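1. have a look at this prediction, sequence included:
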Number of protein chains: 2
Amino acid sequence: MGVQTIRFRSEPRIVATSTVAGTKECKGIIGRYVETALTDDMYGEKTFEKAECKMLSKVIEGAIANGGCKREEIDMLVSGDLLNQIISASFAARDFTVPFLGVYGACSTMAESLAVAAAFIDGGFAKRAVAATGSHFASAERQYRYPLELGCTRPPQAQWTVTGAGAALLASSGNGVRVTGATLGRVVDYGVTDVNNMGAAMAPAAADTILRHFRDTQREPSYYDLIVTGDLGALGSRILKDLTWEKGLDISKNHVDCGEIIYDVIEDEFQGGSGAGCSAVVLNSYLYSKMQAGLLGRILFVATGALLSTVSSGQGESIPCIAHAVSLER
Amino acid sequence: MGVQTIRFRSEPRIVATSTVAGTKECKGIIGRYVETALTDDMYGEKTFEKAECKMLSKVIEGAIANGGCKREEIDMLVSGDLLNQIISASFAARDFTVPFLGVYGACSTMAESLAVAAAFIDGGFAKRAVAATGSHFASAERQYRYPLELGCTRPPQAQWTVTGAGAALLASSGNGVRVTGATLGRVVDYGVTDVNNMGAAMAPAAADTILRHFRDTQREPSYYDLIVTGDLGALGSRILKDLTWEKGLDISKNHVDCGEIIYDVIEDEFQGGSGAGCSAVVLNSYLYSKMQAGLLGRILFVATGALLSTVSSGQGESIPCIAHAVSLER
C-alpha cells in the first residue's frame, strides 16, 4: 500500500468562515467565537429539520459574505448532514444557484467536505468553494433514537448531538488558513454494536487515519500544535490515545477532541458533544479564530463519523466508522 | 456567472466496469450486457438492504478484478446509494481497505461519483479510483413508499426502482473510455410535490445542467452520439426535451433516457426505470460495451436525482432535484 495522503500543492486558503450554534452550545468555549448565537433552537421554524436547514443556509450565506464574495462567484458547494437523504444540505443548496456536491460522512462531513473542496480547487476545477455541514440535537434524536417526548434516560457512555452549523469559504488564493493536505478515511469496524457508544465505535477509525497520516508524511505529532478529532467524546478520546500509543505514536501531548471541549458543564451530555455540527462549529469559530490570530500555527483536523443507520442496527449490524483528516496551516 | 464546466486535461480513463442486475431488469436491453444476472433478487441474503449492499460490493470487486488490479492498488472509492445514511455504500466500503468518499446525489450518484473520481485522478490525488452505486426495488420501496405487503396500486406517472448496481474503475492511464469533462449540477426545484412523479420533478434539473454544459463548451448537441439522461422515464424525457427546446437547444435527435429504455415490457413500470442503479447499470454494461466496441464515440452522461426524503415531503416541501453531467469519449 502506497502513500495515500494527499498534498495540495497550491495550498487552497480558507479565507472566511461562518458559524451558528444553539443555546446550550453557546454557554461553552465556543460562545465567544460563534458568529450567530441562537436564543431559540427552533430558529423561528416550525420543525427541527427546517431549523437545521436554516442554520446551514445561514452559514453558507455567511461564509460567502464574510469572504467579501457574491453568490455568483462561488464555483461549488460541498455539503452534507446527518438527516436521511441529507435534506438539510440539499434544501440549503436550493437557496444558492451554485453547483452542488452532496456528501455523506456522518459526523466526519466537515473534514470530508473540506478535503473535496480543497481537491477541486487544487486541481484547478474551482476557484472558490464552500464546505459546510451542521446538525440539530432534536432532529438527530428523533431520527436516530427516540421521540424527545418519551424522555428516555441516556446512558453514561452517550454523547449529545450539537445544535449548530459551520461553513468555510475556500479560495485558490488570498489570506487565510492554508489547506496543505488530506488523508481520506477508510471504513473501519471493530464490531461495536452499542449505538449509545459512538466514541468507542469511532476511535479505531480515527486511529487508522491518524496513523496513516503520520506514516505517509513522516511527521512527528509535534509537527502540529493540535491534533483535533471531531467528536469522539471523553471516552472515545481515551481509546484513541491508547490505540495510537499501542502502535508507537504518542498523540497525548497535543490531542484535543471537539466533542470533549464543546460543553463546559456536563449535565446530560456525559461524554460530550457529537454530530456533524460539533467539529464544524469548533473548527470554524474557535480554532479558526486562534489560527487567524496566530495563536495556533498548524492543526491536523480529523473529523470522525459513524456510518450506521437505524435499519443497519436493527438488522444486527455493527457500526462501521470513518475519519477524514485535513492539515491546516497558518 | 462564469464557465462552470470542468475540463479534465489528463482525460482519466474508465479502464473497466462491472454490473449486476435483477431478474426483471435482465429481461430487457441490458440482459445481454450485464456481468452478473441475478436469478434471485434477494441474492442469498436475508434482507433487501443486505442484498443491495452485496450487489454493490460485488461490482466494486468486479471492476477492480476486470481492470486487472488488486485492491491495494486502488487509491479511493467514491460511492453512495439511496438508503438512509447510504448504508449500502458504507457497508460495502467496509469490505475494502480503501480510502472512501461517501456521496449522496440520489439517482444522480453514478455521474457524481464519476465526476469526483475523475477530478481526484486529474488533480493528481489518485491513480486509480472506483466509482459505484446501486439500488434495489424492494429496499427503496419500503423506505420511500409503502411496505410491499400492502400491495399498493401504482399511479401511471410512477417509475420502477431498478434492482442493480454498477461500478467503473478509473485510472490515470490505460485503454478505455476517456472522461473528458463534467458539469456539476445545481439544485433546481420547480415546485413539483407529487412523489410519484419523479420524472417531472427531475426534468428541470436535467435541463439546467444540459443547457449550462452546451453553453459552457459551445458545442452542438450533435457533438455527442448520445445525450443520455439517468432516469427521467418516458414522461420526464418529454418534459426535458420541451424545456431545452424552449431555450433553443434541440436534443431530440440524440437523447435517450436509461429509465425509458431499461425495461422492454411495461407492466407495472409505467414510465420506466429509476433508482441509482438504473443509470449505473445501463452505463457500465450496455453503453460501455458499445463505446469499447467503437459503436459509440461520445456520450454526455447526465444522471438525475430527486433529493427529497419522506420527512421533507411529510413537512409539505416540494422536491429539489439535481443532475450531474459527465462527458465520455472514446
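-> That came in fine, so what should we check first?
2. so which residues on the stretch 51-200 of chain A come close to chain B?
-> A:72, A:75-76, A:80, A:83-87, A:90-91, A:93-94, A:96-106, A:112, A:116, A:119-120, A:122-125, A:143, A:183-189 (C-beta under 8 Å from any C-beta of the partner chain). For glycine as for every other residue, the C-beta is placed from the backbone atoms N, C-alpha and C.
3. switch the cut-off to 7 Å
-> A:72, A:75-76, A:80, A:83-87, A:90-91, A:93-94, A:97-106, A:112, A:116, A:119-120, A:122-123, A:125, A:184-187, A:189 (C-beta under 7 Å from any C-beta of the partner chain).
4. now, of those, which are buried?
-> Buried members of those, counted by 16 or more other C-beta atoms under 10 Å in any protein chain shown: A:75-76, A:80, A:83-87, A:90-91, A:93-94, A:98-106, A:112, A:116, A:119-120, A:122-123, A:125, A:184-187, A:189.
5. rewinding a little: strands - which of the residues of the stretch 51-200 of chain A next to chain B land there?
-> Counting by DSSP state E, the part of these found in strands is A:76, A:80, A:100-102.
6. who's in contact with the residue of chain A found nearest chain B?
-> As assessed by C-beta to the nearest C-beta, chain B sits closest to A:Gly123 within chain A, at 2.8 Å. Contact partners of A:Gly123, counting by C-beta atoms under 7 Å, 6 or more residues apart in numbering or on different chains, are B:119, B:122-123.
7. same deal with A:Cys321?
-> Here A:Cys321 is in contact with A:188-189, A:201-202, A:204-205, A:304-307 (C-beta under 7 Å, 6+ apart).
8. can you tell me who it pairs with across the strands?
-> Beta-bridge pairing for A:Cys321 (DSSP bridges): A:Val188, A:Ala306.
9. thinking again about what came up before, what's the farthest-apart pair in the ones in strands among the residues of the stretch 51-200 of chain A next to chain B?
-> A:Met76 and A:Gly80 (13.5 Å; C-beta to C-beta).
10. residue furthest from the geometric center of chain A?
-> The C-alpha centroid of chain A is most remote from A:Leu150, which lies 28.7 Å away (C-alpha atoms, centre = their mean).
11. show me the contacts for A:Leu211.
-> A:244, A:247, A:249.
12. restrict those to those near chain B?
-> Residues of those in contact with chain B (C-beta under 7 Å from any C-beta): none.
13. for A:Ala325, which three-state class applies?
-> The three-state assignment at A:Ala325 reads strand, by DSSP: H, G, I helix; E, B strand; the rest coil.
14. picking up where we left off before, what about the residues of the stretch 51-200 of chain A next to chain B, which are in helices?
-> A:87, A:90-91, A:93-94, A:112, A:116, A:119-120, A:122 (DSSP state H).
15. now pLDDT too, for these, in CSV please.
-> Output for those, formatted as CSV (pLDDT from 0 to 100):
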residue, pLDDT
A:Ile87, 97
A:Ser90, 98
A:Phe91, 97
A:Ala93, 98
A:Arg94, 97
A:Glu112, 98
A:Val116, 98
A:Ala119, 98
A:Phe120, 98
A:Asp122, 98
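16. what ranges does the stretch 201-330 of chain A have for its helices?
-> Using DSSP state H, counting those that start in this stretch, the helices of the stretch 201-330 of chain A run over A:233-246, A:258-261, A:276-282, A:288-292, A:310-314.
17. the fourth one - what's its average pLDDT?
-> What that stands for is helix A:288-292. For helix A:288-292, the mean per-residue pLDDT is 97.
18. who's in contact with it?
-> A:14, A:17, A:33, A:177, A:296, A:299, A:328, A:330.
19. wait, A:Met202 touches A:Leu232, no?
-> Yes: counting by C-beta atoms under 7 Å, A:Leu232 is a contact partner of A:Met202 at 5.8 Å.
20. what sits in contact with each of those two?
-> Overlap of the contact sets of A:Met202 and A:Leu232 (by C-beta under 7 Å, 6+ apart) consists of A:Thr304.
21. low-confidence ranges, chain A, go.
-> Residues of chain A that meet the criterion pLDDT under 70 lie in A:1-2, A:265-266.
22. mind giving me the domain split of it?
-> With domains defined by automatic domain parsing, chain A comprises A:6-171, A:177-329.
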